[in-house]
Structure formats: structure tokens, C-alpha cells
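Student: have a look; sequence and predicted model below, questions after that.
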Amino acid sequence: MAAPGALLVMGVSGSGKSTVGALLASELGWKFYDADDYHPEENRMKMGKGIPLKDQDRIPWLCKLHDILLRDIASGQHVVLACSALKKVYRDILIRGKERAPLKCDETGKDKQPAEVTLLVVHLSGSFEVISRRLLKRKGHFMPPELLQSQFDTLEPPSAPENFIQISVDKNLSEIIATIMETLK
């Protein structure tokens, strides 16, 4: 498989996206972004109060992430992005930007052709019970464990024709990384 411009490590909260993404980026020598770092304060406050985000909360955030991916890839930098990207339309926005957004976002250079990101989706999947136990152990994150069910309710696992692999969170970290590295060969 030819190396994609970016890897999207996705899954519900607590699936290990940030841990896997950071380690993967280090192994590959690619730039790492954690999408949580780009949530506007309003989104963080909502989640912190136990209010699930809606599409209108997520779409501007996803468009911003698309622009970051495009910028880095255009400069020759490969990227690993850890992002929940729970719905197919969210992953489409990461690939194609505002053209795939049901609610359009602002974008500079509106006269340009929409650019796509070549993306391999790595879906970290696990049962509610396993991931819930992980979340209960996590400290200092704005996403409360009480919102996990809403994430599972929203989740649309990747399927054909998306370019993806699915890996169980029951595997240990080194097995997960090895599986991804093998896929990239």
C-alpha cells in the first residue's frame, strides 16, 4: 500500500487514540496532532457539563482540522491525527473539507478547487464495558465518562469504500502499532 498523506486514528473517547497516535507518529517520524487540542472552549465547556456535541459544534472544528492536514501535506509533511471522527460525514470533512460539510464553514481562497487529503482511517474499536473501565481510570480530561454512551450512539464505524483498518483495543499497544505499521508496508 502506498503511504497515505495522513493517518486518522479514530474511535470513541477512551479508545486510546491519543496514545496510539502519538506513538505511531514517533515511530513513523510524522507530525502528530490531537484533535482535542483544537476544540473551541465552548465545546470543552459543553462536554465538561455532560452535554454531547451536535454537528453544528463539530463541523467548524473538523474544517479547521482539514485545513491543518492540507497545509502540512502540501508542505510534504505526513501527519497522524487522533480524532474521534465518529460519523462518516465527519471523516469526509477531514478528507474533503467544507465541500462535505452540511453546514458550510468559512474558508479562505473560496475560488480554489477543493483539495482532498489521502487518508488511512485506523478505527480503534472495543466494547462499551472495556472502554468504560478505561475512562473511569482516566484523570484530568474534559470528556466525562457519562458521555461515552452518546459516543457509541453516534458512532458509524468505517466501511467500504472508506480506506480503513479496524483494530481491537483488546490488543496491547505494541500489537496495535505493529498491525498499523504492517498495513503501511
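Tutor: It's in. Numbering: from 1, shown residues only.
Student: and residue 166, which of the three is it?
Tutor: Classification of residue 166 by DSSP: H, G, I helix; E, B strand; the rest coil places it in strand.
Student: next one: the closest residue to it other than its chain neighbours, what pLDDT does it get?
Tutor: Nearest residue to residue 166, sequence neighbours excluded (Cβ to Cβ, 6 or more residues apart in numbering): residue 123, at 4.5 Å. (C-beta placed from N, C-alpha, C; glycine too.) pLDDT recorded at residue 123 is 98.
Student: and residue 123, what does it touch?
Tutor: Applying Cβ atoms under 8 Å, 6 or more residues apart in numbering, we find residue 123 in contact with 10, 11, 157, 158, 164, 165, 166, 167.
Student: which of those are buried, as a ChimeraX select command?
Tutor: With 16 or more other Cβ atoms under 10 Å as the criterion, this ChimeraX line picks the buried residues out of the contacts of residue 123:
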select :10,11,158,164,167
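Student: I'd like the contacts of residue 123 laid out as JSON lines, including distance to residue 42 and pLDDT.
Tutor: Compiled in JSON lines, the contacts of residue 123 are given as follows (distance: Cβ to Cβ, whole Å; pLDDT from 0 to 100):
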{"residue": "10", "distance to residue 42": "23", "pLDDT": "98"}
{"residue": "11", "distance to residue 42": "24", "pLDDT": "95"}
{"residue": "157", "distance to residue 42": "28", "pLDDT": "97"}
{"residue": "158", "distance to residue 42": "28", "pLDDT": "97"}
{"residue": "164", "distance to residue 42": "30", "pLDDT": "96"}
{"residue": "165", "distance to residue 42": "33", "pLDDT": "97"}
{"residue": "166", "distance to residue 42": "32", "pLDDT": "97"}
{"residue": "167", "distance to residue 42": "32", "pLDDT": "98"}
